[in-house]
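[1] let's see this in three dimensions:
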Amino acid sequence: MIYDITLLLCVEDRMRLLTHNYLQSNVRGTTKGYPLDIEAENVVLEESPVDAVLLEKLLPKIDYDVLKRATQQVSQHLSTSLGEFPETISHPISDEKILSLVHTALMDIHILEGNLVCPDTGRRFPIKEGIPNMILHEDEI
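    I've put the predicted structure just below:
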């Protein structure tokens, strides 16, 4: 089965932490535009079935430390606690609990409103209705 990563990044106009893991600031002069900080205002958790095969294909492309940090940044906006992330993960993930936790973080947390913030310049990229706007102003190109 082949998965189109672009389809998974922003399905139903809602930014997932999967999307965040790939985004970076490209403001002129930026030397450290990754990872972006998250200033969330509205976050929802929508559970979906765990697809272990898809996760195993995605995990080598994911910065796990950035995922853990992003989850911490949005967790205060969630009505339930996700649980503790292990310090590291191995491939393949054999622990069902860890597999479910990583799936929830990547696929089920949706940021509807807020900002992504460049750690180098402080530039805020707005997230409106679940869509991150990474378009640069003319003087930033």
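
[2] center of this protein - which residue?
    L17 (1.7 Å; C-alpha atoms, centre = their mean).

[3] does that one touch V74 like I think?
    Yes: with contact defined as C-beta atoms under 8 Å, L17 and V74 form a contacting pair (7.4 Å). (C-beta placed from N, C-alpha, C; glycine too.)

[4] what touches both of those two?
    109, 111 (C-beta atoms under 8 Å, 6 or more residues apart in numbering).

[5] identify the residues contacting the residue nearest to the centre of the chain.
    Counting by C-beta under 8 Å, 6+ apart, L17 has contacts 67, 70-71, 74, 105-106, 109, 111.

[6] return the member of these nearest to G130.
    I111 (6.9 Å; C-beta to C-beta).

[7] just the element for that closest one, please.
    strand 109-117 (DSSP states H and E).

[8] partner strands of that strand, with direction?
    Using DSSP bridges, strand 109-117 pairs in its sheet with strand 15-16 (antiparallel), strand 37-45 (antiparallel), strand 124-128 (antiparallel).

[9] so Q73 lies in a helix, does it not?
    Yes: per DSSP: H, G, I helix; E, B strand; the rest coil, Q73 lies within a helix segment.

[10] residues near it, how many?
    Per other C-beta atoms under 10 Å, the neighbour tally for Q73 reads 20.

[11] can you tell me the closest non-neighbouring residue to it?
    Once flanking residues are discounted, Q73 sits nearest to I38: 4.3 Å by C-beta to C-beta, 6 or more residues apart in numbering.

[12] what's the burial count for the one you found?
    With neighbours defined by other C-beta under 10 Å, the count for I38 comes to 22.

[13] that one contacts Q76, correct?
    No: when contacts are counted by C-beta under 8 Å, I38 is not listed as touching Q76 (10.9 Å).

[14] pLDDT weak spots in the protein?
    1-13 (pLDDT under 70).

[15] all helices of it, in order?
    Secondary structure of the chain, counting by DSSP state H: helices at 5-9, 17-20, 52-58, 64-74, 96-103.

[16] contact partners of the fourth one?
    Outside of helix 64-74, the residues within contact range by C-beta under 8 Å, 6+ apart are 17, 20-21, 34-35, 37-38, 40, 43, 82, 85, 88-89, 102, 105-106, 109, 111.
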